[in-house]
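K.L.:
Structure of the sequence below:
(one chain, ligands or ions: 1)
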Amino acid sequence: MTARKEHGGPLEPKVYDGEFVEADQSGDQSGGRPGLAVNGGVHGDGVESPRAAVRAVVVALRVLGRWAVNGAVGLTGRATRRVVSAVRRVWRSPAGQQARTVVAYRVRKAPADLARLAWFTLRGHGRWLGKAWTWFTYGDLRADARAARIAGDREARREAQEAIRADARARWARLGIVLHRSGITAVVVLVLAVVLWLTAAVLDRSQMWPWLAGVYDTLDALVAFVSVAGPWLLLAMLTGWLVAAAFEGRDRTPGVGWLVRPDRDDAGSWVDERMISRALAHLGITPLNKFFKDGGELVYTVPARKDGDGTAAQIRLPLGVTADMVAGRRSQLAANLGRASLETWPTKGEEDGVLDLWVADKGVLRGSAGDWPLLHDGQSDVFEGVPFGLTQRGLVINAPLIGVNWLVGGRPGQGKSSALRTLMLGAALDLTVELWAFVMGESPDFDPFQPRLARYRMGADDAVAEAATQALADLLEEMERRGRVLGEQPGRPPKVSRKLADKPGLGLHPLVCAIDECHELFQHHRFGKKAAELAVRLIRRGRKYGIVLLLATQSPTKDSIPREITRNVSCGVAFSVADQVANDGLLGSGKYAAGIRATELRINTDRGTCVAVGITDETFELVRTFYVPFEDGTDDVSPVIARAMALIEDAGHSVASSARAAIEPAQPVAPDHLADIAEVMQGERRVRTQVVLTRLSTHNPDHYEGWTFRDLTAALADHGITARKAHGGVKAIYAEDVAAALARRAQHAHRDEADGSDAAGDADGDQPGTRGVLPAPSPDQSPWTDQQEHATGTTGTHHPDNRRNPGNSGSSRGGGGSLPDDGTEMPGAADDG
Ligand SMILES: Nc1ncnc2c1ncn2[C@@H]1O[C@H](COP(=O)(O)OP(=O)(O)OP(=O)(O)O)[C@@H](O)[C@H]1O
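P.N.:
Take a look at the predicted model:
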């Protein structure tokens, strides 16, 4: 094959037999002859000599090399540009910026990190020493023996001591074997070393057997390797040692996994013991901190487990820590657990040192409770409870009504009246219940109930306060009557039961009286005192007789609600309240300290949610109450009342609703002379009778205006007091006499109550409600079913004389009247009928 020279520039490629090479830049590297390329080094046509062929190959290789270099440089340039632009893009991206920030932060923190690592290393050595000491001294076994001795467990102590002895024997035996083997190994190695040394001293390596020379060569190589790699090996071992020490001395407080990985799907609901321990370790409670610092681990008497819409755990706290202390740091605990305060409930368990913790799933408490279960269908049985709301665990609460009294409170507009209404609606759907309602202000909250109410007064005027006070007096009288009726029943039952309530003629049906804004009543300048006194007596004793008082107030202070009421109500409900005083006023003293706090409820945000005590067996419940609207043109209350009325009519009773609206005007309540005199004494030791008279007429002009000395003397004589002569011969009333009379009267009242209780036998105590039961729309054991069994078709008592129950005037209705059945005329009945 002949190579043909092509025309073209010096770098123009030339094609040789299908291959191409680039021309040499000199144009002619072959001495003026055309450049040659060899195809596979085979001589072709025109190849003059092997030298020329070699030259041609060299030229070809040079050309190829240059071409490759030029190409590579071009490529490298492009690649470099691409890499640089990619790096720039990454550098400027948000991720890059974040990475730079993190790196800068870590660099800034490096000194602190190094110090921390150094501390870990130091502490690691300390822990190793501790472990070694424990191992040498059998510390763990000795601790077991000590614990057994303290516990008085001789068997366990003996076992621990035997274990120490056996362990010591085994350890010495093991040590003997190890020493023995090490000795033998050392002797063998020593003998071998001496023999090798002697041999090397006597013989030249060239004279040795080849295998022996091989041994010496291997040894030499080993020595050379160790002398080179030895320092590095030492360094690696030292580093390993330090890393191990730092690891041993690391911080052992448990970590919050989801804080490290906040993108976990279940971060909202996942709470485990590690997280709880970690959260508790950072509350700033000194004994708890020390406990964790010393490597303590908390004992979970109930491990963290799913409980309704949250997680519950029970923890035995270490020495020096009480549940109250943890409850006091609730907001820190909530923050440490990544929850709102409202979602975190640390409370006292069975003992002060036991913490009951319930943590809601994130955000679940924000939802509403849903529709009231009896909204469209069904009846209720107040002896079983009425649906009130959902617990924090998402279960329906059947709130108790019989055997209890309620005090509902909270800041304005947080859901008190609505909650009261829900309870009353539940009661209204029990056909045997008689309902009374008093609203101490201009609020139409209970207007739709009117057809179902036996007594209803609403307004801010004195007449309503008077009617409410009269109602309380009537209830008290009714209570006495019921006590007598119960006492006459076979077996003298201690309290009203469903069966007794259904018995016609006895008049023992449930009677529920609601007073909204009750502080207005108890603070009323004329009727307040009397109303308070009556309410206290009712609350103390009425529960046995099926008489239930439901009180709602914005202001649960000691000035607005008598102490004895807050002390004696069994069901306390607190919507959002401002402070500890209001909290404990509603829920009972000590509740705030124990972590049961309605102060955590946010005003408006948590409207409709309350903290309740006494409504279930639990220490407290966080309740999202059911809401049956009656506002802004929405009225879901009236249909329920209409249904209740239809049920009553279907049961064969006629209810004259027109009669309900005309509630009888109440009789004026007789003032309490002794209490009024005590009040106008104004804390002075003695007050002249003339001054007392003047003050009395200012205090209650309606009653005392026109009172003379004779009236005053008579009133005093009723209570065994005589005005005494003071200095100057003027007559005065002495504070000590009044106080003694008050004490005498209180004593009598207590004795009467005790007698009354004995007459009726001992009650079984309050009945808490139930949880977790969604009432069936038509309860299996509805009162109606029971009533069918009693064959009369009536619920409660039929009162032939309706004058005795003005609320029922002109009609006979389910539930009957509640006024005395024994011939005593109720004061309020005078104008009726
Ligand atoms: N359980 C609930 N769920 C949702 N909203 C509710 C609930 N209870 C009450 N509300 C809302 O709160 C408003 C105020 O309720 P309510 O009248 O019962 O409060 P209150 O505490 O009685 O107020 P006040 O002290 O002024 O009488 C209602 O009109 C209603 O919109």
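K.L.:
How about the residues of the stretch 551-700 of the chain by the ligand?
P.N.:
Within the stretch 551-700 of the chain, the positions adjacent to the ligand are Gln554, Arg607, Gly608, Thr625, Tyr627, Glu631 by C-beta under 6 Å from any ligand atom. (Glycine included, C-beta is placed from N, CA and C.)
K.L.:
Let's see if you can find the most crowded of the residues you listed.
P.N.:
Using other C-beta atoms under 10 Å as the neighbour criterion, Thr625 leads these with 28 neighbours.
K.L.:
Now do the phi/psi pair for the nearest residue to it once chain neighbours are set aside.
P.N.:
Counting by C-beta to C-beta, 6 or more residues apart in numbering, Thr625 lies nearest to Gly389, which is 3.9 Å off, once chain neighbours are set aside. Main-chain torsions, Gly389, degrees, to the nearest 10: phi 180, psi -170.
K.L.:
Number of residues surrounding Gly389?
P.N.:
Gly389 sits with 27 neighbouring residues when counted by other C-beta under 10 Å.
K.L.:
does the residue of the stretch 101-250 of the chain at minimum distance from the ligand sit in a helix or strand, and which one?
P.N.:
Going by C-beta to the nearest ligand atom, the ligand is nearest to Thr101 of the stretch 101-250 of the chain, at 44.9 Å. Element membership of Thr101 [criterion: DSSP states H and E] is helix 94-137.
K.L.:
Report the mean confidence score over that helix.
P.N.:
Averaging pLDDT along helix 94-137 yields 90.
K.L.:
Which one of the residues in this structure is closest to the ligand?
P.N.:
Nearest to the ligand in the chain, going by C-beta to the nearest ligand atom, is Gly608, at a distance of 2.5 Å.
K.L.:
What is the neighbour count of the residue nearest to that residue when sequence neighbours are not counted?
P.N.:
Leaving out its chain neighbours, the residue that sits closest to Gly608 by C-beta to C-beta, 6+ apart is Gly415, at 4.4 Å. If you count neighbours by other C-beta under 10 Å, Gly415 ends up with 24.
K.L.:
so what's Gly415 scoring on pLDDT?
P.N.:
Looking at Gly415, its pLDDT stands at 91.
K.L.:
What of the one 10 residues further on?
P.N.:
You'll see Leu425 listed with a pLDDT of 94.
K.L.:
now swap in Arg602 and tell me
P.N.:
You'll see Arg602 listed with a pLDDT of 85.
K.L.:
Isn't it up against Phe575?
P.N.:
No. Between Arg602 and Phe575 there is no contact under C-beta atoms under 8 Å: 10.8 Å.
K.L.:
who's more crowded, the two?
P.N.:
It is Phe575, of Arg602 and Phe575, that has more neighbours when counted by other C-beta under 10 Å, with 30 against 14.
K.L.:
For this protein, list the residues in contact with the ligand, please.
P.N.:
By C-beta under 6 Å from any ligand atom, the residues of the chain that approach the ligand are 368, 410, 412-418, 554, 607-608, 625, 627, 631.
K.L.:
all helices of the stretch 501-650 of the chain, in order?
P.N.:
Counting by DSSP state H, counting those that start in this stretch, the stretch 501-650 of the chain has helices at residues 518-522, 528-541, 563-568, 580-587, 637-650.
K.L.:
got it, and the stretch 651-800 of the chain?
P.N.:
Along the stretch 651-800 of the chain, counting by DSSP H, counting those that start in this stretch, helices occupy 657-661, 673-680, 689-699, 701-704, 709-718, 735-760, 783-789.
K.L.:
And for the fourth one, what's in contact with it?
P.N.:
Contacts with helix 701-704, where a contact means C-beta atoms under 8 Å, 6 or more residues apart in numbering, come from Arg526, Pro671, Asp676, Leu693, Leu696, Ser697.
K.L.:
how about 7 Å then?
P.N.:
Contact partners of helix 701-704, identified using C-beta atoms under 7 Å, 6 or more residues apart in numbering, comprise Pro671, Leu696, Ser697.
K.L.:
Could you export those residues as TSV, including pLDDT and neighbour count?
P.N.:
Shown next, in TSV, are the contacts of helix 701-704 (pLDDT from 0 to 100; neighbours: other C-beta atoms under 10 Å):
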residue	pLDDT	neighbour count
Pro671	76	19
Leu696	88	23
Ser697	85	16
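K.L.:
dump the residue contacts of the residue nearest to Ala678 when sequence neighbours are not counted.
P.N.:
Leaving aside its sequence neighbours, Ala678 sits nearest to Val738 (C-beta to C-beta, 6+ apart; 4.9 Å). Going by C-beta under 7 Å, 6+ apart, Val738 touches Ile677, Ala678, Met681, Ile721.
K.L.:
Kindly present those residues as JSON lines, with separate columns for pLDDT and neighbour count.
P.N.:
Shown next, in JSON lines, are those (pLDDT from 0 to 100; neighbours: other C-beta under 10 Å):
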{"residue": "Ile677", "pLDDT": "89", "neighbour count": "24"}
{"residue": "Ala678", "pLDDT": "88", "neighbour count": "17"}
{"residue": "Met681", "pLDDT": "87", "neighbour count": "19"}
{"residue": "Ile721", "pLDDT": "89", "neighbour count": "18"}
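K.L.:
Thanks a lot, catch you later.
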